[in-house]
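**Student:** When you get a sec, could you give me coordinates for this:
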Amino acid sequence: MNTMTLWNMSPWGFAALAVAALLVGFSKTAVSGANTVSLAIFAAVLPARASTGVLLPLLIVGDILAVLTYRRHAHWPTLWRLFPAVGAGVVLGALFLVWADDGIVRTSIGAILLLMAAVTVWRRRTGDRSAQPDAVATRAGRVKARSYGVLGGFTTMVANAGGPVMSLYLLSAGFRKLGFLGTSAFFFLIVNVSKVPFSASLRLIDGRSLLLDAALALFVVPGAMIGKWAVNRINQRLFEQLVIAATVVGAVELLLR
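**Tutor:** You can find the predicted model right below:
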């Protein structure tokens, strides 16, 4: 962790991180995938690798708030199918971080997210909207869950960018708004907590980064409250469009950075 970057940060730099923290809370209780914007802001203000370590505890704070808000709407059969594949993806991501530079990571994830967003839009335009959460029990559904799970675990480990991956999976599986938010809340709380030992061993989290997190966490809470207020005023179609749009914006930003 770069001490000078954290302690001598400009007021504008801290303000940008505060806005990003606000978006973290909003994304957890309203439009999942919007936190890719937060990822971009953190990487612009802090060193790229260090930014992932600072962002992770803030994501966990947002996850806790989301679980408290939507805990009754989680679909646990889907979660149990995803976790083994996600665990494998997290391990692969940790190994990838040992040697991959930031440019390779950003380009790979950005390209993958754009491809999945295009596939999701295409499937919805061709009328493939009949899937329901229980449909993931089919053989094809299990293969899709494993594929998205590995990719989600990999992207969340290397760049905290698993949100768009799992958002696209849950949309393609036919989840409605509250089921989507409840399932993703528990998913990311468990996954992000499991990433802490890996991030600490890679020295992405330390005492100085946690002090910055303590200050920024104050902005996650109002962001989550705004998201809870907004989600009740967003219909299902607009909700899906916002999730896909946030994914595309995040992917393009990763490719152009």
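**Student:** mind checking which helix or strand the residue positioned nearest the centre of the chain is in?
**Tutor:** Geometric centre of the chain, nearest residue: Gly163, 2.7 Å, by CA atoms, centre = their mean. Assigned by DSSP states H and E, Gly163 falls within helix 162-172.
**Student:** now for that helix, which elements pack on it?
**Tutor:** helix 35-45, helix 102-125, helix 139-159, helix 177-201, helix 236-256 (3 or more CB pairs under 8 Å, 6 or more residues apart in numbering; DSSP states H and E). Where you see a C-beta, it was placed from the backbone N, CA and C, and this is true even at glycine.
**Student:** Highest mean neighbour count out of the ones you listed?
**Tutor:** Most buried of these, by mean neighbour count (mean count of other CB atoms under 10 Å): helix 35-45, with a mean of 23.
**Student:** Distance from the chain centre to the next helix or strand after that helix, please.
**Tutor:** Downstream of helix 35-45, the next assigned helix or strand under DSSP H and E is helix 48-70. Relative to its parent chain, helix 48-70 has a centroid offset of 9 Å by CA atoms, centre = their mean, to the nearest Å.
**Student:** circling back: save the helices and strands packed on helix 162-172 as TSV, and put in mean pLDDT too.
**Tutor:** Formatted as TSV, those follow (pLDDT from 0 to 100):
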stretch	mean pLDDT
helix 35-45	77
helix 102-125	70
helix 139-159	80
helix 177-201	90
helix 236-256	74
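**Student:** Ok, which of these comes nearest Ala66?
**Tutor:** helix 177-201 (3.6 Å; CB to CB).
**Student:** buried sites along stretch 67-85?
**Tutor:** For stretch 67-85, a neighbour-count test (16 or more other CB atoms under 10 Å) marks 67, 69-70, 73-75, 78, 81-83, 85 as buried.
**Student:** Please list the members of those that lie in helices.
**Tutor:** The helices, defined by DSSP state H, take in 67, 69-70, 78, 81-83, 85 from these.
**Student:** Let me know the closest of those residues to Thr107.
**Tutor:** Among those, Ala85 lies closest to Thr107 (CB to CB), at 23.3 Å.
**Student:** Now the two most distant members of the ones in helices among the buried residues of stretch 67-85.
**Tutor:** Across these, the longest distance by CB to CB is 26.4 Å; it joins Thr69 and Ala85.
**Student:** quick revisit: quick one: buried residues of the helix holding Gly163?
**Tutor:** Residues 162-172 are the ones in helix 162-172 that count as buried (16+ other CB under 10 Å).
**Student:** possible to save the helices and strands packed on helix 162-172 as a markdown table with distance to Leu22?
**Tutor:** Below are the helices and strands packed on helix 162-172 laid out as a markdown table (distance: least, CB to CB, whole Å):
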| stretch | distance to Leu22 |
| --- | --- |
| helix 35-45 | 9 |
| helix 102-125 | 23 |
| helix 139-159 | 20 |
| helix 177-201 | 18 |
| helix 236-256 | 15 |
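**Student:** Leu56 is nearest to which of these?
**Tutor:** Nearest of the helices and strands packed on helix 162-172 to Leu56, taken as CB to CB: helix 177-201 at 5.7 Å.
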